[in-house]
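Colleague: here are the coordinates; sequence isn't available:
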C-alpha cells in the first residue's frame, strides 16, 4: 500500500533510542513491577490531566472493570443497576458492565459527533439508572456540562471511557474543574494499547479519578485485593502494569501534544479537500481539542468506497462494523434493542489513515476520494 493505515514501527521510530534507554534503565534496576517507573508515570499522567489520582493497570478493559468493581465494593453500585452506554462503542466498553451483573443500556449516538447523544439521554433513564458511561470515541470529547452535571446532581456516576482520546480537551469544564478528557467525570479508564495516540509497546492502561477512596479501592483490587502485603481485603485481580511499559509510556508522554497537533493538521487537510457529495465528514468541536485517534467519514457507499481506495493504494479500516448489541455473545442480552440509527452508522463508517501520513498525503487521498464514481 502506498498509504498504509497504520505502522507501529513508523509510529515508534522517532522514540526508538529513548525507548531502548528506558528498557535498559528498567532491566538494570532489578525492579519489574510496582517500581519507580510506575510511580512516576502515575504522577505525570495525573498532572497532565489535572486529576489527583492515577493508577496504572494492565490494560484499558481492566481499567473499566476495576472502576465498576470498585464502585460495587463501595456500595455505590449493585447488581442489576443500569448503566447507559453509547451503542456504537467498541465491545470493551460493555464487557465489564455485564460481567459484574450490572445492566447495560445501549443508547444512540449523535450522527454528527458519533458520540453518545446526550441530548436524548433522558429517554433512557429509569429509576434503576445509576451510571452513565461516556466514550470519547475516535478522539472527540463527549461532554455536555449542563446535562451531565444535572445527572450527577441526581446521584448518577459519570464514568469516562477515555481509551481513544488521551490529550483531548473538552470545550466545557468537567465536574471537578479539569477540561481534559479522562478527568471530566467521577472516574476514567484509559487504554495505552499500542495503536492508541499514546501507546505502549504492549498492553497497559490506567484509572484516573478525583475520588481518593475510589483510587485506594482500585489500587487494592488491581493487586490481588491487597491493601498491604499478604493482607487481602477484596477478592481482587492481578491487573498491574509492568515497569517496562510504564517506562516506555514515560518516554512518549512528553510528545503527546505534538502528536495531537500533527493529527489535527492531517484532519484539517482532509476536511478542506474532501468534497464528494456522497461523503459526510466528521464533526468538529467549537473549542477544546480533538485528537483524531481515527478520522471517520460516513457514506452509504462504504464498501465500494473502501474497495476503490484500496485499489488506489489507500488502506482503510472500519470502526466498528458490528456494534456490541449485535454481537453474537450478546444475542440474548440486547435482543429487544431497537437502535436502527446505530445499525445504519455501523454500515456507513469508514476510517481513513491518519497516524502515519503527512498533510500532502491527506490531500492526495482526498483527491482519490473525490474521483470516486458514485452510483445511485
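Modeller: Received, thanks. Note that this is a predicted model, so its numbers are computed, not measured.

Colleague: hey, let's count contacts and neighbours off CA atoms from now on
Modeller: OK.

Colleague: quick one, strands of the stretch 1-150 of the chain?
Modeller: Per DSSP state E, counting those that start in this stretch, the stretch 1-150 of the chain carries strands over the ranges 53-57, 82-86, 103-107, 129-135.

Colleague: and the last one, what other elements does it pack with?
Modeller: On a contact count with 3 or more CA pairs under 8 Å, 6 or more residues apart in numbering; DSSP states H and E, strand 129-135 meets strand 82-86, strand 157-161.

Colleague: Show me what the last one pairs with in its sheet, parallel or antiparallel.
Modeller: Yep, that's strand 157-161 we're talking about. If you go by DSSP bridges, strand 157-161 pairs up with strand 129-135 (parallel), strand 187-191 (parallel).

Colleague: Put together TSV for the helices and strands packed on strand 129-135, with mean pLDDT and distance to residue 351 on each row.
Modeller: Output for the helices and strands packed on strand 129-135, formatted as TSV (pLDDT from 0 to 100; distance: least, CA to CA, whole Å):
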stretch	mean pLDDT	distance to residue 351
strand 82-86	98	19
strand 157-161	98	20
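
Colleague: picking that back up, relative to residue 327, tell me which of the strands of the stretch 1-150 of the chain wins on proximity.
Modeller: strand 103-107 (12.9 Å; CA to CA).

Colleague: Adding mean neighbour count as columns, could you present the helices and strands packed on strand 129-135 in CSV?
Modeller: Converted to CSV, the helices and strands packed on strand 129-135 look like this (neighbours: other CA atoms under 10 Å):
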stretch, mean neighbour count
strand 82-86, 25
strand 157-161, 25
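
Colleague: what would the ones you listed look like in TSV with distance to residue 21?
Modeller: Shown next, in TSV, are these (distance: least, CA to CA, whole Å):
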stretch	distance to residue 21
strand 82-86	41
strand 157-161	32
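
Colleague: Between those strands, which one is closest to residue 2.
Modeller: Closest to residue 2 of those is strand 157-161 (CA to CA; 33.3 Å).

Colleague: report the angle between the axes of that closest one and strand 82-86?
Modeller: Orientation check (axes from the mean of the first three to the mean of the last three CA atoms, to 10 degrees): strand 157-161 against strand 82-86 gives 40 degrees.

Colleague: Give me the contacts around strand 157-161.
Modeller: For strand 157-161, contacts defined as CA atoms under 8 Å, 6 or more residues apart in numbering pick out 64, 93, 130-136, 148, 152, 181-182, 184-190.

Colleague: where along the stretch 251-376 of the chain do the helices fall?
Modeller: In the stretch 251-376 of the chain, the helices defined using DSSP state H, counting those that start in this stretch lie at 256-273, 302-311, 340-346, 359-370.

Colleague: now the shortest one, how far from the chain's geometric center?
Modeller: With CA atoms, centre = their mean, to the nearest Å as the basis, helix 340-346 stands 20 Å off its chain's centre.

Colleague: Now do stretch 133-143: everything it contacts.
Modeller: Identification of contacts with stretch 133-143 by CA under 8 Å, 6+ apart yields 83-86, 89, 113-116, 118, 158-166, 168-170, 172, 174, 181, 285, 289-296.

Colleague: Residue 291 touches residue 266, doesn't it?
Modeller: No. The criterion here is CA atoms under 8 Å, and residue 291 misses it with residue 266 at 10.9 Å.

Colleague: Just put the strands paired with strand 157-161 in JSON lines and tack on distance to residue 217 and mean neighbour count.
Modeller: Formatted as JSON lines, the strands paired with strand 157-161 follow (distance: least, CA to CA, whole Å; neighbours: other CA atoms under 10 Å):
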{"stretch": "strand 129-135", "distance to residue 217": "18", "mean neighbour count": "24"}
{"stretch": "strand 187-191", "distance to residue 217": "12", "mean neighbour count": "29"}
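
Colleague: Figure out which of those strands is closest to residue 332.
Modeller: Closest of the strands paired with strand 157-161 to residue 332 is strand 129-135, at 20.6 Å (criterion: CA to CA).

Colleague: can you pull out the helices in the stretch 51-200 of the chain?
Modeller: Assigned by DSSP H, counting those that start in this stretch, the stretch 51-200 of the chain shows helices spanning 60-73, 95-99, 145-153.

Colleague: now, of the ones you listed, which is deepest in the fold?
Modeller: Each of the helices of the stretch 51-200 of the chain was scored by mean neighbour count; the highest is helix 60-73, a mean of 23, by mean count of other CA atoms under 10 Å.

Colleague: average pLDDT for that one?
Modeller: For helix 60-73, the per-residue pLDDT values average out at 98.

Colleague: Save the strands paired with strand 157-161 as a markdown table, and put in mean pLDDT too.
Modeller: Output for the strands paired with strand 157-161, formatted as a markdown table (pLDDT from 0 to 100):
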| stretch | mean pLDDT |
| --- | --- |
| strand 129-135 | 98 |
| strand 187-191 | 98 |
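
Colleague: Nearest to residue 43, out of these?
Modeller: strand 187-191 (14.8 Å).

Colleague: Mean pLDDT per helix and strand in the chain: which one sits at the bottom?
Modeller: helix 340-346 (a mean of 89; mean pLDDT, DSSP states H and E).
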